[in-house]
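In: A structural model of the following input is requested.
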Amino acid sequence: MFLCLISITGFKIIILDAQRLVVRQFYEENHVNLYRALVYGKCKNLVPKYQRIASLQLLKRSVSVGFDCVAIERIKQSVPQSVSNAFDRHFWYSQWTLTQLFLIKIPINGQNTFFLFILGFGDDGWDNDANFIEVFDEQGEFIGASYLFK
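Out: A predicted model of the protein is given here:
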């Protein structure tokens, strides 16, 4: 089943299949609690079961200092190449930005869906303060991206 939507901002026709609509609804209902569970370890009982596949976290060992170490969890399981490429691209950019990454897998409507959270800490009004998510389906096809609000 396909649904056609006409974009108000342009004359593009966007074709969304039923699975994409289910994923979109899931995201709209769960993204805030997923963010809190991944970043702060809170609300874990309020989010659907997810599997963390990879991450890059900025940590601090002392209270008086900002971030002073990085915890890296590389992809250790089979994921679609496009998902791996997206994680690797943001991982590469993180060398020059204060960025955390979380790649998770969640079964939605019987299909695995990949969510890549990109969380920037710089407040330069440019790309370093980005907080957004990229979403991929089970085959690695890009479903969409959205800005995250804290």
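In: So for the longest helix along the chain, mean pLDDT?
Out: Ranked by residue count under DSSP state H, the longest helix found in the chain is helix 18-40. The average pLDDT for helix 18-40 rounds to 80.
In: what's that helix packed up against?
Out: With contacts taken as 3 or more Cβ pairs under 8 Å, 6 or more residues apart in numbering; DSSP states H and E, helix 18-40 sits against strand 2-6, strand 99-108, strand 111-120, strand 131-136, strand 142-147. Heads up, the C-betas are built off the backbone N, CA and C, glycines and all.
In: Distance to Leu56, mean neighbour count and mean pLDDT for those strands - can I get that in TSV?
Out: Output for these, formatted as TSV (distance: least, Cβ to Cβ, whole Å; neighbours: other Cβ atoms under 10 Å; pLDDT from 0 to 100):
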stretch	distance to Leu56	mean neighbour count	mean pLDDT
strand 2-6	35	9	41
strand 99-108	4	20	89
strand 111-120	10	21	88
strand 131-136	15	19	87
strand 142-147	18	13	84
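In: Can you say which of those is nearest to Ala71?
Out: Nearest to Ala71, of all those, is strand 99-108, at 9.5 Å by Cβ to Cβ.
In: just how off-centre is the closest one within its chain?
Out: Centre-to-centre, strand 99-108 and its host chain are 5 Å apart (Cα atoms, centre = their mean, to the nearest Å).
In: Same question for stretch 85-93.
Out: Distance of stretch 85-93 from the chain centroid (Cα atoms, centre = their mean) equals 12 Å.
In: Stretch 143-150 too?
Out: 8 Å.
In: The longest helix of the chain: what's the following helix or strand?
Out: The first helix or strand that comes after helix 18-40 along the chain, using DSSP states H and E, is strand 51-59.
In: and that following strand, how far out from the chain's middle?
Out: A distance of 11 Å separates the centroid of the chain from that of strand 51-59, by Cα atoms, centre = their mean.
In: Just the CA atoms of that strand, as CSV, please.
Out: Backbone C-alpha positions of strand 51-59 (Å, rounded to 0.1, in the frame of the first residue of the first chain) are rendered in CSV as follows:
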residue,chain,number,x,y,z
GLN,A,51,19.4,-2.8,20.8
ARG,A,52,22.4,-0.5,20.9
ILE,A,53,24.7,-1.4,18.0
ALA,A,54,27.4,1.3,18.2
SER,A,55,28.1,4.5,20.0
LEU,A,56,30.6,7.3,20.5
GLN,A,57,30.2,9.0,23.9
LEU,A,58,32.0,11.9,25.4
LEU,A,59,32.7,11.3,29.1
